[in-house]
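>>> Would you be able to build a 3D model of this:
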Amino acid sequence: MGKPSDIAAQTQTSEPPGRADAYRIGEFEIDLGRRRVTSQGREIELSRMSFDVLALLVTRHPEPVSTAELLDTVWAGKVVTRDTVKQRLKVLRDQMPSDHPGGLIRNVRGFGYRLAEAQPLGAPVPTPRTGRRSWLIGGALLVLAAAAGLALRPGPTVELPLVIAVLPFEDLTGANPAFIAQLQDKLISDLAEATPNDGARVLSRSMIGHAVAAGWEPRSYRDELDVDFLFEGSLVETDKGHEVRTRFIFTREAMTAWQEDYPVPDPGAYAAQEQVSAELVAFVNRKIEWVRARQ
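Numbering: from 1, shown residues only. So this is what the prediction gives:
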């Protein structure tokens, strides 16, 4: 199979709208022949390699493209790793942001990537099956279910083991950085030890360091690291002392599945870390059993 640039070069014709070398992807228009990407009349400057990746995904839509094929086609003759593909896809996603649920470029777990949509330019824009109002109503129901103590019903892509990332907690008091750093380490350690091996996989701090530094959104953790759930939280001052406020985020929907606040009389006390960690570990184990019962 030829490179995407070769494919594009073969399609430089003056065909009318709807031609096979021009596509609409969300709010973006892709002209393969001219190797040009625009959004609302504004040109998006992609590198040669990023455009080649995009062209291959476009020409193969709706089928996915394997990571191996991307390596063989876009990086032919170069010594690179699968991580190179991941990083290139991240750059491409950053350059083509979208409000499309799940993003325009999707991960196909264990295989590669595909586009959520790609319509020949000039073809009718498909009418969404559900509007923003129904999406918001559905989201509100999910949050209410979680608040009532019900487990968030996982979609078909949630399966055991759950992949969990514990993000650094924020010290909003400005006076307890050691407590916050120790809490993250303790949570990672306790979750790894107290959850069944086939039930959960907890990513180490080093594995998510680059994502934290880059300020990834929840769905980026899902797309790039296969993370199902994120733990995050903060230490705040209240009129009664301090609280640790925690959230458990379902990355696929970028929604809070569960949240809880814990009074912390003394942020310097080890017992406070024990209490918060024990509660969160218990929640994860309940979640694992809920998923296991439905598999």
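
>>> Contacts only, for the residue nearest in space to the middle of the chain.
Closest to where the C-alpha atoms of the chain average out (CA atoms, centre = their mean) is residue 219, at 2.1 Å. Applying CB atoms under 8 Å, 6 or more residues apart in numbering, we find residue 219 in contact with 102, 103, 251, 252, 254. (Each C-beta comes from the backbone N, C-alpha and C, glycine too.)

>>> these two touch, right, the first one and residue 252?
Yes: Residue 102 sits in contact with residue 252 when judged by CB atoms under 8 Å, with a separation of 7.5 Å.

>>> Low-confidence ranges, the stretch 101-250 of the chain, go.
Where the stretch 101-250 of the chain drops to pLDDT under 70, the residues are 101, 122-158.

>>> now the helices for it?
For the stretch 101-250 of the chain, the helices defined by DSSP state H, counting those that start in this stretch occupy 132-147, 177-194, 205-214, 218-225.

>>> Also compute the angle for the shortest one relative to helix 205-214, please.
Yep, that's helix 218-225 we're talking about. For helix 218-225 against helix 205-214, the angle by axes from the mean of the first three to the mean of the last three CA atoms, to 10 degrees is 130 degrees.

>>> Can you check which helix is longest in the chain?
Counting residues, the longest helix found in the chain (DSSP state H) is helix 270-293.

>>> That one packs against which elements?
If you count contacts as 3 or more CB pairs under 8 Å, 6 or more residues apart in numbering; DSSP states H and E, helix 270-293 packs onto strand 162-166, helix 177-194, strand 241-250, strand 255-263.

>>> ok, now with 6 Å
helix 177-194 (3 or more CB pairs under 6 Å, 6 or more residues apart in numbering; DSSP states H and E).

>>> So which other helices or strands are in contact with the helix it packs on?
Helices and strands touching helix 177-194, by 3+ CB pairs under 6 Å, 6+ apart, are strand 162-166, strand 200-202, helix 270-293.

>>> residues making contact with the second one?
In other words, strand 200-202. With CB atoms under 6 Å, 6 or more residues apart in numbering as the test, strand 200-202 has contacts from 161, 162, 163, 164, 188, 191, 192, 288.

>>> who touches the last one in this structure?
This means residue 288. Applying CB under 6 Å, 6+ apart to residue 288 gives the contacts 199, 200.

>>> And the pLDDT at it?
On pLDDT, residue 288 comes in at 85.

>>> 897 is where my numbering starts, stick with that
From this message on, residue numbering opens at 897, which makes the last subject residue 1184.

>>> Spatially nearest residue to residue 1017 (excluding sequence neighbours)?
Distance criterion CB to CB, 6 or more residues apart in numbering; nearest residue to residue 1017, sequence neighbours excluded, is residue 918 at 3.8 Å.

>>> next one: residue 1078
Among residues not flanking residue 1078 along the chain, residue 1169 sits closest, at 6.2 Å (CB to CB, 6+ apart).

>>> Look at that neighbour and say how many residues are nearby.
For residue 1169, the neighbour count with other CB atoms under 10 Å is 21.
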